[in-house]
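1. here is the input, now give the coordinates:
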Amino acid sequence: NRVDLIIRSFSGYNSYWASIVLPSLLSKQPDYALYTVFLGANDAIQYPFAQHIPLHQYSTNLLSIINTIKQISSSPIILITPPTVNGNAWDAHMISKSTNPSETTQYGRDNQTTSLYAEQCRIVAEKSGCVLIDLYSEMMKMPDHGFDCLSDGLHLNQKGNEALSNLWMQIVSTKLPHLYNHDHLPTLFPHWSRIDSNQPHSTLFTGIDKQ
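-> Numbers count the residues shown, from 1 in each chain. Got it, this is the predicted structure:
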């Protein structure tokens, strides 16, 4: 009743493709209280896979995305590093989906390369004044580099999403407490206790409720 969470997820996109579509997305939406950018796992795939983005270009793309947001909003921006990657599990996953046995058995993802992109995300966050969620480092502290948080070696599973959600809430509560403590935010509709059960229309549409 107080907050709308808008998720724009583009499967397989790298930071360059995301930077191209971002202006059209922002032009169709109102300003938000907080923006979160979570890119880099696809950029880190090795050349010549189509999603590959060179490390320096990844940094440039993130800065471009941040600047695009800052042109229309003064709201804070959170950057999330890519998670760890289990290259062996990803290879096995891709092989299991392949219909051509003669295809490659290696699909261009490894944790060491991903660590370089995570580091660039940290640098960009510091350079641009964005809030950072260092998902990569947090997963590296877990047993087996947090690989049990991945469904296929690349994408977060339920455990991984819960871990990221907890990190997000922790960062917002400590770095952006004015957003975490949301009781001061207006509600779209009145609290249920203030609704006239006999004539709900007379109280449900009385404007923004700030109690």
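
2. residue ranges with poor pLDDT in this structure?
-> For the chain, applying pLDDT under 70 flags the ranges 1-2, 101-102, 182, 184, 207-211.

3. the same query, at a cut-off of 80, please.
-> Low-confidence segments of the chain, defined by pLDDT under 80, are located at 1-3, 28-31, 101-104, 180-188, 206-211.

4. mind listing the helices in it by residue range?
-> Counting by DSSP state H, the chain has these helices, from start to end: 15-27, 55-72, 87-97, 111-128, 135-140, 158-175, 177-180, 201-204.

5. can you tell me which of those is most buried?
-> Of the helices of the chain, the one with the most neighbours on average (mean count of other Cβ atoms under 10 Å) is helix 135-140, at a mean of 21. C-beta: built from backbone N, CA, C; applies to glycine.

6. ok, and what's touching it?
-> Contacts of helix 135-140 with the rest of the structure, by Cβ atoms under 8 Å, 6 or more residues apart in numbering, involve 80-84, 114-115, 118, 145-146, 149, 160, 163-164, 167.

7. mind running it again at 6 Å?
-> 80-81, 83-84, 118, 146 (Cβ atoms under 6 Å, 6 or more residues apart in numbering).

8. same deal with stretch 11-23?
-> Stretch 11-23 has contacts (Cβ under 6 Å, 6+ apart) with 39, 42-43, 51, 53, 58, 61, 64-65, 68.

9. let's see 10 Å
-> Under the contact criterion Cβ atoms under 10 Å, 6 or more residues apart in numbering, stretch 11-23 has outside partners 8, 10, 25, 37-45, 50-53, 57-69, 71-72, 117, 121, 155.

10. ok, now stretch 44-56?
-> By Cβ under 10 Å, 6+ apart, the list of residues contacting stretch 44-56 reads 12-17, 39-43, 58-61, 82, 85, 87, 90, 106-120, 154.

11. repeat that with 8 Å
-> Outside stretch 44-56, the residues that reach it (Cβ under 8 Å, 6+ apart) are 12-16, 42-43, 58, 61, 82, 85, 107-110, 113-114, 116-117, 120.

12. could you do stretch 142-152 as well?
-> Looking at what lies outside stretch 142-152 - Cβ under 8 Å, 6+ apart - the contacts are 83-86, 89-90, 93, 111, 138-140, 153, 156-157, 159-160, 163.

13. if we go to 6 Å?
-> 84, 86, 93, 139, 157, 159-160, 163.

14. and stretch 127-142, how far apart are its ends?
-> Looking at stretch 127-142, the gap from its leading to its trailing residue is 28 Å under the measure Cα to Cα, to the nearest Å.

15. which ones are touching residue 26?
-> Contact criterion Cβ under 6 Å, 6+ apart gives residue 72 as the residues in contact with residue 26.

16. same check, this time on residue 203
-> For residue 203, the set of contacting residues under the criterion of Cβ under 6 Å, 6+ apart consists of 190, 195-196.

17. show me which of those is closest to residue 31.
-> When the contacts of residue 203 are compared for distance to residue 31 (Cβ to Cβ), residue 190 comes out closest, at 24.7 Å.

18. the residue positioned nearest the centre of the chain - nearest residue in space that isn't next to it in sequence?
-> The residue at the geometric middle of the chain, judged as the C-alpha nearest the mean C-alpha position with Cα atoms, centre = their mean, is residue 38 (3.2 Å). In this structure, residue 38 finds its nearest non-sequential neighbour in residue 80, 4.2 Å apart by Cβ to Cβ, 6 or more residues apart in numbering.
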